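Student: Sharing a sequence plus its predicted fold:
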Amino acid sequence: MTATAAPAGAAAPEEITVYVDPDVPAGAARARSGRTAGDAVASFEEAERILRSKGAINARILTPGGTYYPEKEINWSYDPPGGDLTFAAVPGTGKVVFDGSRGNRAAAASGYYMTITSANSNITVSGRTIQRYTNGGIRVRGGSGDRVNNVTIKGNTFRYLGNKHSSGGIGYGGVHITSASKVKITGNKFYYLENRSSPGAIHGVYLANATNSSVISGNRFGYVSGDPIRTRNNSKNNTVSGNKFWRAGTYAIFSDWRFSGEACGRGNVFKNNTVGRTSYYGKKFGSAKQGKVKPIKVLMWGHDAPTNANLGGCSPAPVKSGGGNRYVTSRPW
């Protein structure tokens, strides 16, 4: 079913609330309406079915406080044009924690907590703790002909992500975005994002493949084994401001990278941030050596294998300082 936005001058569409409680027995899900906390459905797949059946445009998808161990990754595709969809906790019920360490390991821990492919709706994800997934937390996945726009990720905690904490493949990011625009990542905490193998491959926020005009502000990044902010392959006009970093980064705090056939970023700005003086490995920014790169820098760009010979090569510089950044020698929170 395809929902359409209300015509000009019409009353705003009703906001629908659907309750999802993963502790509800799965066999009971289709017998439930999802419209009250006491009649919650068991999965986000069921929540999508309910919203589609009603042609909902504006919706809240609420989960009660608790710790949940999903059997599989959430793949959210419901996408009413002009819609406004919010994922949050049921007010007053405490923290919502999604943990990938149990259940169907092949389906859950090797992937992400959630993948969003909705291109035409405003999506907000807030107030949850996401932990112990191998690939990462939230994946915003657009394509070259079907870009995702206007996703907001705020007030969440991403922790213990990557293959140091869960067996499987490689961790890529707390928030991993491709082919998207106007993503807002605000007020989140990114702690202990670490790979044992390929430690430099995991980032707090990873913006790739022409991810543009996004804002990363007011977040905390601590103990991230890769560069906590990474743009890649023609990602432009992203702003990183007012964040705090501590013991994070292999080569840089904010790096732009490209491989064969990929393009330099452009217009990315780093401003008013607070940066711990040393990297994840205790190497001092501006002077120390990491691998074949010396010195490691707060802002860095290059291509292919990270060596001094492969640094630079873009004009103008893909990442620039907007001023107001400062170093600290103790944890800034």
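Tutor: Yes, it's here.

Student: mind checking pLDDT for the closest residue to residue 282 other than its chain neighbours?
Tutor: Excluding its sequence neighbours, the residue lying closest to residue 282 (Cβ to Cβ, 6 or more residues apart in numbering) is residue 247, at 7.6 Å. In this view, the C-beta of every residue, glycine as well, is placed from N, C-alpha and C. With respect to pLDDT, residue 247 scores 98.

Student: So what's the residue count around residue 247?
Tutor: Residues contacting residue 247 under the criterion other Cβ atoms under 10 Å number 17.

Student: these two touch, right, it and residue 277?
Tutor: No - checked against Cβ atoms under 8 Å, the pair residue 247 and residue 277 is beyond contact range at 9.8 Å.

Student: check which helix or strand covers the closest residue to residue 54 other than its chain neighbours.
Tutor: Spatially, and ignoring its direct neighbours in sequence, residue 54 is nearest to residue 16 (6.3 Å; Cβ to Cβ, 6+ apart). Per DSSP states H and E, residue 16 falls inside strand 15-19.

Student: ok now that strand, how far from the chain's centre?
Tutor: How far strand 15-19 lies from its chain's middle: 24 Å, per Cα atoms, centre = their mean, to the nearest Å.

Student: so what strands line up beside that strand?
Tutor: strand 58-63 (parallel) (DSSP bridges).

Student: So what's the gap between the strand it pairs with and the chain middle?
Tutor: The chain centroid and the centroid of strand 58-63 are separated by 19 Å, computed with Cα atoms, centre = their mean.

Student: so what secondary structure elements neighbour the first helix or strand past that strand going along the chain?
Tutor: Note on strand 58-63: by DSSP H and E, the next helix or strand toward the C-terminus is strand 66-68. Judged by 3 or more Cβ pairs under 8 Å, 6 or more residues apart in numbering; DSSP states H and E, strand 66-68 is in contact with strand 96-99.

Student: as a whole number, average confidence for the strand it packs on?
Tutor: 97.

Student: Give the pairing partners of it; include direction for each.
Tutor: Paired with strand 96-99 in the same sheet, following DSSP bridges, are strand 66-68 (parallel), strand 128-131 (parallel).
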